[in-house]
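**Student:** Have a look; sequence and predicted model below, questions after that.
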Amino acid sequence: MSFVHLHCHSEYSLLDGANRIKDLIERAQQLEQPALAITDHGNLHAAWEFQEKARKAKVKPIIGMEAYVAPGDRRLKARGTPGQKPYYHLVLLARDIQGYRNLVKLSSLAYTEGFYTRPRMDRELLARYSEGLIVSSACMAGEVATHLLRNDDAAAREAAAWYAETFKDRYYLEVQAHDSEGQAQLNERIFALSKEVGLPVIATNDAHFLTADDHDAHDVLLCIGLGKDREDTARMRYDGGLYFKSAPEMAARFPDNPEVLEQTLAIADQCDVVFSKTYHVPSFPLPAGVESENALLVQLATDGARARYGASLSREVQERLDYELGVITKTGYAGYFLITYDFIKAARDRGIPVGPGRGSAAGSLVAYALRITDVCPLRYDLLFERFLNPERVSMPDIDVDFCFERRGEVIEYVREKYGKDAVGQIVTFGTMKSRAAVKDVGRVLGFTPAETDALAKLIPNQPNFSLTVGEAVEKVPEVRKLYETDDRYTTLLNYAIALEGLSRHTGVHAAGVVIAPGPPGRLRADLHAELERGRCGERRGGGGDAVRHERPREGGHVEDGLSRADHADRHPRHVAVDQGPGQAGPRPRRAAG
């Protein structure tokens, strides 16, 4: 019998999951498991990367999340009773594209409306966005499990009944195959409740690490996240069985209930979320009397070219202008140019220094005419096709440099113009690089800061030459000597090697801004936004709240096809002074400093 893991954590369960997505997929292949679900804590960080890599590996991706559910109203920022946790756990899986849309909405609203210690949803939201979701009762922190462990059978039945009614024929009770304290007794009570209320049961293992041998490294990661010393006897610990088990290992834990494994295969068969990749550029507000974005772009570009080159355009300029406008309007990117032109003009109108342009966009005469760039492509024989090729259409990529001190004003202008709900800054993930891994691991193992600093400095970490911890052990004599002669350092370096590269924390991209044609949570299934309070300061982000868009990016768009503007910041003395609108193509010059 085969089996599918439907409750599994990747490294995006930050400082709690130790599974790299690539490793999980490879492990599923090795164990001949046809599908795999990733259910990270409270987020969908892994979704895009996971579904792309899994499909290439011929493993069906099941996109999910282990959600946090408030005991009452998500907007109530308080604990229900003294000692009560302000949330339960619940596993949500996307059965279809509508289910994924609802996962996105639930995750976003959990951050923007329900955040209290964790991003929380509630029963009202779950009922509103229930379509297309398959749900299971989660771990010992789930609502049903919590009530059963408190011997409150009536509350457990009520919770199970509510979920079963809300998610008709899509709600499952969950038993798990590990030896955490109380899990065996909970499994028995789950089976009893199943018989009493007639609900199906699935087997999961809440996998936080890949193999049994990875338990110790995961324990160190957990200590890093908790800020605890590994020798602390009072800290939280995970059972050694919370790894990615094979079907025979799972079956051995439930010999009298093979159906709990069979149900996982049936759920995997139901799930089918496929993303389509199309581009979505927001509409530019048209002035009165203008029929289309194409018409406005032609008008503005023609006027701008005359301002740059004179009222009577030469044949060379006119032909190049007509050619570029033909490509831009045919490919549907007029709106992208207008939006970029507009926020650059707004910056200049406010006296905010703007860079002269860089990258392939400097090859566009239209960009030059619109004063998006200040380098004449004809003067320097720059190719438009490097920027936008009609035979290989991809989203244009225009990088814009703004004054470091006032970039936030530009972002705020964009938020006000297109709607705060439709504009988000791109999420970034801080990872445990070599030196950081050494310092983090050393701290929880009881090393002094002086010891870890001295070791970290032995590992090259320059832009033009850096080594991983493993490479340093092999190539740096001082590190190799410590590794081979001192057991304390051997242990530290082994754990640092195991954990290096894992995602450690989230942040806000310094410059990347996503503009969606509508609020992120409502646009389409390819979008996920969170609100992080206080991560962007007044000076840089234009306000204390910043909506973060979570997707990897490629060129001028994030990979879900939404428009991205790079509002890169530069110190004022690094920005060349703007040329007047009548000055064509200043020669390149190095900024002072």
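**Tutor:** Everything's here; your move.

**Student:** what's the least confident helix or strand in this protein, going by average pLDDT?
**Tutor:** helix 538-541 (a mean of 36; mean pLDDT, DSSP states H and E).

**Student:** Tell me where the model's unsure across the stretch 351-500 of the chain.
**Tutor:** With pLDDT under 70 as the threshold, the stretch 351-500 of the chain has no low-confidence stretch at all.

**Student:** which stretches of it form helices?
**Tutor:** Secondary structure of the stretch 351-500 of the chain (DSSP state H, counting those that start in this stretch): helices at 365-369, 407-418, 434-444, 449-457, 469-475, 477-485, 487-499.

**Student:** Mean neighbour count, the ones you listed: which tops it?
**Tutor:** Across the helices of the stretch 351-500 of the chain, averaging neighbours per residue (mean count of other CB atoms under 10 Å) puts helix 365-369 on top, at a mean of 28. For glycine as for every other residue, the C-beta is placed from the backbone atoms N, C-alpha and C.

**Student:** Counting by contacts, list what it packs against.
**Tutor:** The contact analysis (3 or more CB pairs under 8 Å, 6 or more residues apart in numbering; DSSP states H and E) places helix 365-369 against helix 293-309, helix 315-331.

**Student:** distance between the first one and the chain's centre?
**Tutor:** In this case it means helix 293-309. 38 Å (CA atoms, centre = their mean, to the nearest Å).

**Student:** what's in contact with that helix?
**Tutor:** Identification of contacts with helix 293-309 by CB atoms under 8 Å, 6 or more residues apart in numbering yields 283-284, 286-287, 290, 313, 317, 321, 325, 328-329, 334-335, 337-338, 341, 365-366, 368-371, 376, 581-582, 584-585.

**Student:** just the angle between it and helix 315-331, please?
**Tutor:** 160 degrees (axes from the mean of the first three to the mean of the last three CA atoms, to 10 degrees).

**Student:** in the stretch 51-200 of the chain, which spans are strands?
**Tutor:** Assigned by DSSP state E, counting those that start in this stretch, the stretch 51-200 of the chain shows strands spanning 60-69, 88-94, 120-121, 133-136, 171-176.

**Student:** what's the closest of those strands to Val441?
**Tutor:** Among those, the nearest to Val441 by CB to CB is strand 60-69 (26.1 Å).

**Student:** returning to what we had before: which of the helices and strands packed on helix 365-369 sits most buried?
**Tutor:** helix 293-309 (a mean of 19).

**Student:** Got the phi and psi for the residue of the chain most remote from its centre?
**Tutor:** Centroid-distance maximum for the chain: Ser312 at 50.1 Å, with CA atoms, centre = their mean. Main-chain torsions, Ser312, degrees, to the nearest 10: phi -100, psi 110.

**Student:** still on that earlier bit, how about the strands of the stretch 51-200 of the chain in a markdown table, adding mean pLDDT and mean neighbour count?
**Tutor:** Listed next are the strands of the stretch 51-200 of the chain as a markdown table, based on pLDDT from 0 to 100; neighbours: other CB atoms under 10 Å:
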| stretch | mean pLDDT | mean neighbour count |
| --- | --- | --- |
| strand 60-69 | 98 | 26 |
| strand 88-94 | 98 | 25 |
| strand 120-121 | 97 | 27 |
| strand 133-136 | 98 | 26 |
| strand 171-176 | 98 | 25 |
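
**Student:** a markdown table for these, including distance to Met250?
**Tutor:** Output for the strands of the stretch 51-200 of the chain, formatted as a markdown table (distance: least, CB to CB, whole Å):
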| stretch | distance to Met250 |
| --- | --- |
| strand 60-69 | 17 |
| strand 88-94 | 16 |
| strand 120-121 | 29 |
| strand 133-136 | 15 |
| strand 171-176 | 10 |
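
**Student:** mind checking which of those is nearest Glu165?
**Tutor:** Closest approach to Glu165 among the strands of the stretch 51-200 of the chain (CB to CB): strand 171-176, 8.6 Å.

**Student:** Give the other helices and strands that the closest one contacts.
**Tutor:** Other helices and strands packing on strand 171-176, by 3+ CB pairs under 8 Å, 6+ apart, are strand 133-136, helix 153-166, helix 183-197, strand 201-204, helix 259-270.

**Student:** For the next helix or strand after the fourth one, enumerate the helices and strands it packs against.
**Tutor:** I take that to be strand 201-204. Following strand 201-204 in sequence order, the next helix or strand is helix 215-226 (DSSP states H and E). Contacts defined by 3+ CB pairs under 8 Å, 6+ apart place helix 215-226 against helix 434-444, helix 487-499.

**Student:** how about the CA coordinates for the helix or strand following helix 215-226, as CSV?
**Tutor:** For helix 215-226, the succeeding helix or strand toward the C-terminus, using DSSP H and E, is helix 247-253. Provided in CSV are the C-alpha atoms of helix 247-253 (Å, rounded to 0.1, in the frame of the first residue of the first chain):
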residue,chain,number,x,y,z
ALA,A,247,4.2,3.9,3.8
PRO,A,248,5.3,0.7,5.6
GLU,A,249,6.3,2.8,8.6
MET,A,250,2.9,4.5,8.7
ALA,A,251,1.0,1.2,8.1
ALA,A,252,2.9,-0.4,11.0
ARG,A,253,1.5,2.2,13.4
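
**Student:** avg pLDDT for helix 247-253?
**Tutor:** Taken as a whole, helix 247-253 has a mean pLDDT of 97.

**Student:** so which of the helices and strands packed on strand 171-176 gets nearest Thr146?
**Tutor:** With CB to CB as the measure, helix 153-166 is the member of those nearest Thr146 (8.3 Å).

**Student:** Give me the buried positions along the closest one.
**Tutor:** Judged by neighbour count (16 or more other CB atoms under 10 Å), helix 153-166 contains these buried residues: 156-157, 159-160, 163-164, 166.

**Student:** quick check: angle from it to strand 88-94?
**Tutor:** 20 degrees.

**Student:** Who are the packing partners of helix 153-166?
**Tutor:** Contact partners of helix 153-166 among helices and strands, from 3+ CB pairs under 8 Å, 6+ apart: helix 123-128, helix 143-149, strand 171-176, helix 183-197.

**Student:** out of the ones you listed, deepest packed?
**Tutor:** Across the helices and strands packed on helix 153-166, averaging neighbours per residue (mean count of other CB under 10 Å) puts strand 171-176 on top, at a mean of 25.

**Student:** distance between that one and the chain's centre?
**Tutor:** 28 Å.

**Student:** Measure how it sits relative to helix 259-270, angle-wise.
**Tutor:** Going by the same axes, to 10 degrees, strand 171-176 makes 130 degrees with helix 259-270.

**Student:** Give me the angle between strand 171-176 and helix 183-197.
**Tutor:** Going by the same axes, to 10 degrees, strand 171-176 makes 160 degrees with helix 183-197.

**Student:** ok, strand 171-176: who's next to it in the sheet?
**Tutor:** Neighbouring strands of strand 171-176 in its sheet, by DSSP bridges, are strand 133-136 (parallel), strand 201-204 (parallel).

**Student:** would TSV of those with distance to Lys77 be doable?
**Tutor:** As requested, the strands paired with strand 171-176 are exported to TSV (distance: least, CB to CB, whole Å):
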stretch	distance to Lys77
strand 133-136	25
strand 201-204	31
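
**Student:** quick one, which of those is nearest to Ala510?
**Tutor:** Minimum separation from Ala510 across the strands paired with strand 171-176 (CB to CB) falls at strand 133-136, 35.1 Å.
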